[in-house]
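> here is my input; please provide its structure:
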Amino acid sequence: MKQTKICKKCGVEKPISSFNTKRTVCKLCHAEKCRQYDLEHREARIAYLRKYKKEHPEANRIRCRQWYRKNRIKSLLRASKQAATKRGYMPCSATIDEVAKLQTGYCYACGVSEEEFSRPLCLDHNHRTGKVRGWLCHDCNTALGYTHDSKEKLAQLIAYLVKYSDESTNN
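Now for the predicted structure:
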């Protein structure tokens, strides 16, 4: 059996793997044709999608939830990188696979399950190096943020809490 085929559009002989099943045009030429079609019909497609979303809000909500469940880590990593860049920090340097391995479903700092929070866990990373540290709940992530990751400030806060928690128990 012949292992190559000639593309009807570009005229180049290519391996069979460069063609979709039952197509006479190679994948590259077909992709270019689709890109061109999308450019020419962009406005009509956007209008159709807006109309569909408006007429079928529940179907759209279900589709969005399914996409988020399937791409949750990818979405959270992208959001983390965008937020860091917006705030002037070094964005997270981890890949989706590295982040997925770190995901336990629990806050790395307080150990509480993600299911107990109304928000998803936050991807924490070093703002100077971009290295991922782990997943934190919103409260722990906010506490670190307000102290600018300062061990000294956190130690002072702990000392403050210890000092005044003893007084309140004596009263």
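> can you tell me the SS state at residue 120?
coil (DSSP: H, G, I helix; E, B strand; the rest coil).
> for it, give its distance to residue 94.
For residue 120, the distance to residue 94 (CB to CB, to the nearest Å) stands at 17 Å. C-betas here are computed from N, CA, C, even on glycine.
> who has more neighbours, those two?
Using other CB atoms under 10 Å, the more surrounded residue of residue 120 and residue 94 is residue 94, with 19 against 15.
> pull the contacting residues for that one.
By CB atoms under 8 Å, 6 or more residues apart in numbering, residue 94 lies in contact with 77, 123, 125, 131-132.
> out of the residues you listed, which are buried?
77, 123, 125, 132 (16 or more other CB atoms under 10 Å).
> can I get the contacts of residue 94 in a markdown table including secondary structure and distance to residue 44?
Below are the contacts of residue 94 laid out as a markdown table (DSSP: H, G, I helix; E, B strand; the rest coil; distance: CB to CB, whole Å):
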| residue | secondary structure | distance to residue 44 |
| --- | --- | --- |
| 77 | helix | 33 |
| 123 | strand | 38 |
| 125 | strand | 42 |
| 131 | coil | 46 |
| 132 | strand | 42 |
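> among these, which two are most distant?
77 and 131 (13.8 Å; CB to CB).
> tell me how many other residues crowd the closest residue in space to residue 136 that isn't next to it in sequence.
The shortest distance from residue 136 to any non-neighbouring residue, by CB to CB, 6 or more residues apart in numbering, is to residue 124 (4.6 Å). Using other CB under 10 Å, residue 124 has 22 neighbouring residues.
> also residue 100?
Using other CB under 10 Å, residue 100 has 13 neighbouring residues.
> before we move on, the earlier item: from the buried ones among the contacts of residue 94, which is closest to residue 16?
residue 77 (36.8 Å).
> wait, that closest one sits on residue 97?
No: in this structure residue 77 lies outside contact range of residue 97 using CB atoms under 8 Å: 10.4 Å.
> quick check: residue 31 vs residue 38, distance?
Per CB to CB, residue 31 is found 10 Å from residue 38.
> run the chain-centre distance for the particular helix or strand that has residue 59 in it.
Using DSSP states H and E, residue 59 sits within helix 57-70. Once both centres are worked out by CA atoms, centre = their mean, to the nearest Å, helix 57-70 turns out to sit 15 Å from its chain's centre.
> which parts of it are buried?
Using 16+ other CB under 10 Å as the test for burial, helix 57-70 gives no buried residues.
> can you list contacts of stretch 144-155?
With contacts defined as CB under 8 Å, 6+ apart, stretch 144-155 is touched by 109, 124, 126-127, 136, 143, 157.
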